[in-house]
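Participant: quick one, structure for this:
(one chain, ligands or ions: 1)
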Amino acid sequence: MKIKELLLMDTEAKKNRAASRPAGIHALVLKLHPHKIYDKLSKFYGNQRNNAINRLWAKQEYVLSQKKNFTEDFLQKNSHIGEIEHQVGRYLHMQHICNEIILKGYSGDIVEFGTWRGLGLIFFGDLFGKDSQKRKFIGIDSFEGLPISSGGWKQGTFNNTSMELARSNIEKYFQKTPIHFELIKGWFNDAKVKEQLTGLTNDIILVHFDADLGVSTSDALKLITPYLLKRHKPIYFLFDDWGCHPDEVPDAFYRWLESAQTTIKFKAKKLSSTRFTRYYRLDFES
Ligand SMILES: C[S@@+](CC[C@H](N)C(=O)[O-])C[C@H]1O[C@@H](n2cnc3c(N)ncnc32)[C@H](O)[C@@H]1O
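Facilitator: Reported below is the predicted structural model:
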């Protein structure tokens, strides 16, 4: 069949389709001013494009490959894209805190509750630079995903990992200058996890709470409380998933704060936040 004939058939088909559309749609299209149609189409294609960018930025390898772009300027220009706002925003705030720890000369290890495939620990190992050689980076995770369903989260989400995968991701990233990292496999409320953590460190300077759920955050806070007794130097508490699903993480922190402050004298100072993170420094009375 010739091209012209094909085009003719296509025009006929379009006419038939148009004739069979409900009158309301014709009316709507006629009512719309060309610039409104343009706006609607741009919005539609803009959303499609942003969704595709979000999907890319949800991949750990992609995030790490973009690290050279992690600047305030890049963040400002892309803050309307959720995953960029999250990953770049949290990295820059982590950077600020790691620099403060280095400048003040605070000793101590880094503990992460919720390690999944290792991205958080990689960020910290990277941000401490040379200083990372003095520290241990400890990641605790069931490596079986979330323990329960709650507030939109489903039990088992994030089970698409393993301790071996997280280990190999971290080793691969720090191939040239290895860092001292340890992974603990287990549930935060398991006595064996507490035993292992106690065996690994008696000096923690920064805790990354990245376990999504209120119950998990409460269990993590319980594990950390003994490290705050008789403390003089500050400790940094970095919460991910802040306000992400019906306020589970903020509620867990505020509940813990109320009870911990009855026995330990400290103040919690909010340092920074993004849409889904909030970072604090806890200052103790000396
Ligand atoms: C969002 S992922 C962590 C993401 C990671 N920190 C990153 O930066 O890419 C949350 C992790 O928390 C773990 N998790 C949640 N609750 C837990 C609990 N009570 N005990 C052990 N692991 C838990 C899950 O297995 C999951 O791997």
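
Participant: and Asn160, which helix or strand is it part of?
Facilitator: Assigned by DSSP states H and E, Asn160 belongs to no helix or strand.

Participant: how many neighbours does the nearest residue to it once chain neighbours are set aside have?
Facilitator: For Asn160, ignoring the flanking residues on the chain, the nearest one in space by C-beta to C-beta, 6 or more residues apart in numbering is Gly145 at 7.9 Å. Where C-beta positions appear, they are placed from N, C-alpha and C, glycine not excepted. Per other C-beta atoms under 10 Å, the neighbour tally for Gly145 reads 17.

Participant: now the host helix or strand of Gln76: buried residues?
Facilitator: Using DSSP H and E, Gln76 sits within helix 72-78. Within helix 72-78, the residues that count as buried by 16 or more other C-beta atoms under 10 Å are Leu75, Asn78.

Participant: what helices or strands is that helix leaning on?
Facilitator: On a contact count with 3 or more C-beta pairs under 8 Å, 6 or more residues apart in numbering; DSSP states H and E, helix 72-78 meets helix 82-104.

Participant: residues in contact with stretch 223-234?
Facilitator: The contact list for stretch 223-234, computed with C-beta atoms under 8 Å, 6 or more residues apart in numbering, reads 106, 108, 111, 113, 188, 193-194, 197, 202, 204-205, 207, 235, 256, 260, 264, 266, 281-284, 286.

Participant: so which of those residues sit within strands?
Facilitator: Judged by DSSP state E, strands contain the following of those: Val111, Phe113, Ile204, Ile205, Val207, Ile235, Phe266, Arg281, Leu282, Asp283, Phe284.

Participant: intersect those with the contacts of the ligand.
Facilitator: By C-beta under 6 Å from any ligand atom, no member of the ones in strands among the contacts of stretch 223-234 lies near the ligand.

Participant: highest neighbour count among those residues?
Facilitator: Highest neighbour count within those, by other C-beta under 10 Å: Val111, with 27 neighbours.

Participant: burial check on the residue in the stretch 1-150 of the chain positioned nearest to the ligand, number of neighbours?
Facilitator: Here the stretch 1-150 of the chain gets closest to the ligand at one residue, Gly114, 2.9 Å apart by C-beta to the nearest ligand atom. Residue neighbour count, defined by other C-beta under 10 Å, stands at 23 for Gly114.

Participant: likewise for the one 3 residues further on?
Facilitator: The tally of other residues near Arg117 (other C-beta under 10 Å) stands at 21.

Participant: report pLDDT for it.
Facilitator: For Arg117, the pLDDT comes out at 98.

Participant: and the one 10 residues further on, by the same measure?
Facilitator: Here, the pLDDT recorded for Leu127 equals 98.

Participant: that'll do, ta.
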